[in-house]
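In: structure, please.
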Amino acid sequence: MMMQTGRTTRLLQEAVSLAKEGKRVFVVSVGNTLLRGLCSFPPELKEALRRFPPSPPAGVRVGKGSVVFINSSSDVINWENLTLRGYKDYVLLVDHYTIEQKFKPHLEMLFRYNSSGTGQPKGEERP
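Out: Below you'll find the model as predicted:
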């Protein structure tokens with residue numbers, strides 16, 4: 001069940017905003033799931049995601065900076081401290097769906113004893 005809360009859209013808005021400030025922004029996602037949040041974004045971002053995953057990761061120029069999309073299975077991601085191996089001077093953003101999939105057992109354990117009894121965070125019960 002997709003919740004349609006706008007989190008992916010807000011993530012992409014932040015990526016574009018940071019890139020326009022001259023920053024190199026890496027966005028991590030599972031496959032091309034970010035496409036659903038791209039309705040009102042520059043064509044370059046849409047095209048980059050249609051070619052997802054790029055190999056090697058390639059940036060799309062946005063303003064003075066760039067946005068780089070990385071597949072969550074990439075070995076450059078250090079999940080323990082949310083950094084990228086071999087990269088400096090960047091901002092790392094991770095799509096919520098990626099976190100939910102990557103850490104599903106951990107999240108289920110975290111929310112196991114919620115009063116809702118579903119194992120999901122309150123307000124996020126799924127059928």
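In: sketch out the helices for this protein, chain order is fine.
Out: 7-20, 43-50, 96-102, 104-110 (DSSP state H).
In: what's the neighbour count on the closest residue to residue 23 other than its chain neighbours?
Out: Leaving out its chain neighbours, the residue that sits closest to residue 23 by Cβ to Cβ, 6 or more residues apart in numbering is residue 65, at 4.6 Å. From N, CA and C alone the C-beta is placed, and that goes for glycine too. Number of residues near residue 65 (other Cβ atoms under 10 Å) recorded here: 22.
In: next up, the contacts around residue 65.
Out: 18-25 (Cβ atoms under 8 Å, 6 or more residues apart in numbering).
In: make TSV from those and add distance to residue 107 and neighbour count to it.
Out: As requested, these are exported to TSV (distance: Cβ to Cβ, whole Å; neighbours: other Cβ atoms under 10 Å):
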residue	distance to residue 107	neighbour count
18	27	20
19	30	24
20	33	14
21	32	13
22	35	11
23	29	18
24	29	16
25	25	25
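In: touching, residue 22 and residue 66? I think so.
Out: No. Residue 22 is beyond contact range of residue 66, at 9.4 Å (criterion: Cβ atoms under 8 Å).
In: so what's residue 59 up against?
Out: Contact analysis of residue 59 by Cβ under 8 Å, 6+ apart lists 24, 66-68.
In: of all those residues, which two lie farthest apart?
Out: Maximum pairwise distance among the contacts of residue 59 (Cβ to Cβ): 8.3 Å, between 24 and 67.
In: quick one: the strands in the chain?
Out: Secondary structure of the chain (DSSP state E): strands at 24-29, 59-62, 65-71, 77-78, 83-84, 91-94.
In: and those strands as JSON lines, adding mean pLDDT?
Out: Compiled in JSON lines, the strands of the chain are given as follows (pLDDT from 0 to 100):
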{"stretch": "strand 24-29", "mean pLDDT": "91"}
{"stretch": "strand 59-62", "mean pLDDT": "80"}
{"stretch": "strand 65-71", "mean pLDDT": "87"}
{"stretch": "strand 77-78", "mean pLDDT": "94"}
{"stretch": "strand 83-84", "mean pLDDT": "96"}
{"stretch": "strand 91-94", "mean pLDDT": "96"}
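In: so which of these gets nearest residue 114?
Out: Of all those, strand 91-94 comes closest under Cβ to Cβ, at 23.2 Å.
In: nice, that's everything, thank you.
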